[in-house]
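Participant: Sequence and predicted structure, then a few things I'm wondering about:
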Amino acid sequence: MALEKLEQWLEKYWLGELSQVEEMQFKSELKANKGSLKGELKQMAEWFESHEEVKEHLRLDDDFDEKVMNKIHQKSQPKDSWNWMKVAASILVVFALGFFAWWMPQQQEQKQLAQQEEKAYKEAKATLELMASMMNHGKKHLSSLEMINTAQEKVKNTFQPDRKENKKEGQDG
């Protein structure tokens, strides 16, 4: 019967339904019947016993409360109202943002300039290609003029010796 009562108290203990009086009775029964207990009840008896031993040996100093309160007050007061690392980081962030605010438009301007240069290059290239094709087309017509030039030279050369003779005769007479 005592074993059944202990198991019921153990169940109530884990559920948190034991009153203080029942808990004291439960602990004293476990201590008294420690040798005959098995399983979880034996483990609980050993745990309560070791817990009681630790409680007996555990003593706080007289100035424990004072030490704890001093540590609490030290942590609650700020050590340095101006944390210079935070200030330096803030300044660095502001400078970085300022730099990027200046740099981004510069990059956009350079991209636009590069695009304009590329467009101008393509237009100049197209214009020069057009001029080259027109000049090549005109070159075909120049060949007929070249033939006329050649014919003129031949005619000129054939009649030129007579002119020289005429000039010589004109000087004599």
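Facilitator: Looks like it arrived, so ask away.

Participant: where does this structure dip in pLDDT?
Facilitator: Scanning the chain for pLDDT under 70 picks out the ranges 1, 75-82, 160-173.

Participant: Recalculate using a threshold of 50.
Facilitator: Scanning the chain for pLDDT under 50 picks out 1, 173.

Participant: For it, which segments count as helices?
Facilitator: For the chain, the helices defined by DSSP state H occupy 2-15, 20-32, 39-57, 64-76, 84-172.

Participant: and the ones you listed as CSV, adding mean neighbour count?
Facilitator: The C-beta positions use only the backbone N, C-alpha and C, and glycine is treated the same way. As requested, these are arranged in CSV below (neighbours: other CB atoms under 10 Å):
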stretch, mean neighbour count
helix 2-15, 13
helix 20-32, 14
helix 39-57, 12
helix 64-76, 10
helix 84-172, 10
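
Participant: And residue 41, how far from residue 3?
Facilitator: Residue 41 sits 8 Å away from residue 3, going by CB to CB, to the nearest Å.

Participant: again but with residue 20, I slipped
Facilitator: Noted for residue 20: a distance of 23 Å to residue 3, by CB to CB.

Participant: now residue 52
Facilitator: In terms of CB to CB, residue 52 sits 22 Å off from residue 3.

Participant: again, but for residue 85
Facilitator: 66 Å.

Participant: pull the CA atoms of stretch 17-31 into CSV?
Facilitator: This file holds the C-alpha atoms of stretch 17-31, laid out as CSV (Å, rounded to 0.1, in the frame of the first residue of the first chain):
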residue,chain,number,x,y,z
GLU,A,17,-0.4,19.1,-7.7
LEU,A,18,1.3,18.2,-4.4
SER,A,19,0.7,20.5,-1.5
GLN,A,20,3.6,21.5,0.7
VAL,A,21,2.5,19.0,3.4
GLU,A,22,2.1,16.2,0.9
GLU,A,23,5.5,17.0,-0.6
MET,A,24,7.2,16.9,2.8
GLN,A,25,5.5,13.5,3.5
PHE,A,26,6.5,12.2,0.0
LYS,A,27,10.2,13.1,0.6
SER,A,28,10.3,11.6,4.1
GLU,A,29,8.6,8.4,2.9
LEU,A,30,11.1,8.2,0.1
LYS,A,31,14.0,8.7,2.5
